[in-house]
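Asker: fold the following for me, if possible:
(one chain, ligands or ions: 2)
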Amino acid sequence: MRMKNNGQINIVFNGEKRKAIQKDVPIKELYERELSEQHIALKEIEDELEKLVGMDEMKRCIKEIYAWIYVNKKREERGMKASRQALHMMFKGNPGTGKTTIARLIGKLFHQMNVLTKGHLIEVERADLVGEYIGHTAQKTRDLVKKALGGILFIDEAYSLGRGGEKDFGKEAIDTLVKQMEDRQHEFILILAGYSREMEYFLSLNPGLLSRFPLVIDFPDYTNDQLMEIALLMLDEREYVMSYDAERKLRQHLIVLRSVQSSVSFSNGRYIRNVIEKAIRAQAMRILHEDSFEKIDLMTLRSQDFHFSEDEE
Ligand SMILES: Nc1ncnc2c1ncn2[C@@H]1O[C@H](COP(=O)(O)OP(=O)(O)O)[C@@H](O)[C@H]1O
Ligand SMILES: [Mg+2]
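Answerer: Residues are numbered from 1 along each chain as shown. Ligands and ions are numbered 1, 2, ... in the order given. As a prediction, the model looks like this:
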């Protein structure tokens, strides 16, 4: 009940409830609202994610994790139950689909959110974990976990640890990792990455593992349009441009290549990076011989700077 200036009395029944109803803005509209300033950590990461082509699922997922950690903090502040769930993750996808890039960004975000004290990324593969005699693997694995404390331990092609069965040292590495995940639960984040099919098989062999990875994220192959967008982005970062003919040649090449090559051996963003770096070297050689160093010459990659195997046929 509230007395108004003009002598009117304003009575609101179920004030609390009404407040709740008023807040029931359609979810889509709600998500479009600007977040308040204190979410600067999220904003910074979103700006970096913005620079990446595609990755819509990832972008949503990161925001969700952010919201969840933030809300838990708020609950803790009020003495409510807060689930300090583990944040270990599994990244499934072909090479060059952005797994390492995202892992690095996540480290940074979690560092800014005080989830990780350092936020650095230690990237390893089977050979770094597995040793030569019994006990050696456990030691090597523990040492790497120690190096990753405060940050992320990223194991690429993690399925290869499950390759040799019971007697293989890979098994010792897995057992050690599981133990470390338990003992140092909130001190580091483990990310296992690899091809989708292999990772699923790996998990089916180690059924206890899945429940320890609450976040399983797919990294799909890029479409040719997305690859072209990535190419333009990479050129822009390096202060280069492609001529119209060069762009058409690259696009045509991707179409041909991907119609003949199986998707598992195609390395997506990495392939594009290699093509561009190679073209940049070829361009340097060309303009050296042309002896023309105007700004436009220094910047432009022409179609003859892109050499593809189909050219030779
Ligand atoms: N969505 C994207 N937008 C822009 N560049 C990308 C994108 N995904 C991957 N790349 C680039 O492709 C290359 C390979 O990415 P990386 O994260 O190493 O892939 P992965 O770890 O899955 O093999 C890197 O140079 C990265 O910057
Ligand atoms: Mg990688």
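
Asker: gap between the helix or strand containing Lys28 and the chain center?
Answerer: Using DSSP states H and E, Lys28 falls within helix 27-32. Its chain's C-alpha centre and that of helix 27-32 lie 24 Å apart, by CA atoms, centre = their mean, to the nearest Å.

Asker: CA atoms only: put it into CSV for me.
Answerer: Provided in CSV are the C-alpha atoms of helix 27-32 (Å, rounded to 0.1, in the frame of the first residue of the first chain):
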residue,chain,number,x,y,z
ILE,A,27,13.7,-14.8,-23.4
LYS,A,28,14.9,-13.7,-26.8
GLU,A,29,14.4,-10.1,-25.9
LEU,A,30,16.1,-10.6,-22.6
TYR,A,31,19.2,-12.1,-24.2
GLU,A,32,19.5,-9.0,-26.5
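
Asker: could you list the domains of this structure?
Answerer: Residue ranges for the domains of the chain, per automatic domain parsing: 1-33, 39-219, 224-311.

Asker: next helix or strand past the helix holding Lys28?
Answerer: By DSSP H and E, the next helix or strand past helix 27-32 is helix 40-50.

Asker: so who does Pro220 touch?
Answerer: 54, 93, 97 (CB atoms under 8 Å, 6 or more residues apart in numbering). All C-beta spots, glycine's among them, are computed from the backbone N, C-alpha and C.

Asker: scan those residues and report the most crowded one.
Answerer: Using other CB atoms under 10 Å as the neighbour test, those are led by Thr97, with 24 neighbours.

Asker: so it: helix, strand or coil?
Answerer: Judged by DSSP: H, G, I helix; E, B strand; the rest coil, the three-state class of Thr97 is coil.

Asker: just the pLDDT for the residue of the chain at minimum distance from ligand 1.
Answerer: Ligand 1 sits closest to Gly269 of the chain, with a gap of 2.3 Å, by CB to the nearest ligand atom. In the prediction, the pLDDT value recorded for Gly269 is 97.

Asker: how about Glu313?
Answerer: 55.

Asker: please apply the same query to Met1.
Answerer: Listed pLDDT for Met1 reads 56.

Asker: same check, this time on the one 3 residues further on
Answerer: At Lys4 the predicted local confidence, pLDDT, stands at 61.

Asker: what residues does the stretch 101-250 of the chain put near ligand 1?
Answerer: 101, 230, 233 (CB under 6 Å from any ligand atom).

Asker: buried residues, the helix or strand hosting the second one. List them.
Answerer: Secondary-structure assignment from DSSP H and E places Ile230 in helix 224-237. Neighbour-count burial for helix 224-237, counted by 16 or more other CB atoms under 10 Å, picks out 226-232, 234-235.

Asker: which intervals of this protein have sub-threshold pLDDT?
Answerer: By pLDDT under 70, the weakly predicted segments of the chain are 1-23, 165-166, 312-313.

Asker: residue closest to the middle of it?
Answerer: Ile102 (2.1 Å; CA atoms, centre = their mean).

Asker: pretty sure it is touching Phe91, no?
Answerer: Yes. Using CB atoms under 8 Å, Ile102 makes contact with Phe91 at a distance of 7.2 Å.

Asker: what residues are shared contacts of those two?
Answerer: What both Ile102 and Phe91 touch, as defined by CB under 8 Å, 6+ apart, is the set Phe219.

Asker: so where do the strands sit in the stretch 1-150 of the chain?
Answerer: Along the stretch 1-150 of the chain, counting by DSSP state E, counting those that start in this stretch, strands occupy 2-3, 9-10, 89-93, 121-124.

Asker: next, Tyr261: phi, psi?
Answerer: Wrong residue type there; residue 261 is Gln, not Tyr. phi -90, psi 140 (degrees, to the nearest 10).

Asker: tell me, how many residues neighbour it?
Answerer: Gln261, neighbours per other CB under 10 Å, totals 11.

Asker: which residue ranges of the stretch 51-200 of the chain form helices?
Answerer: 56-77, 99-112, 126-129, 136-148, 169-183, 196-205 (DSSP state H, counting those that start in this stretch).
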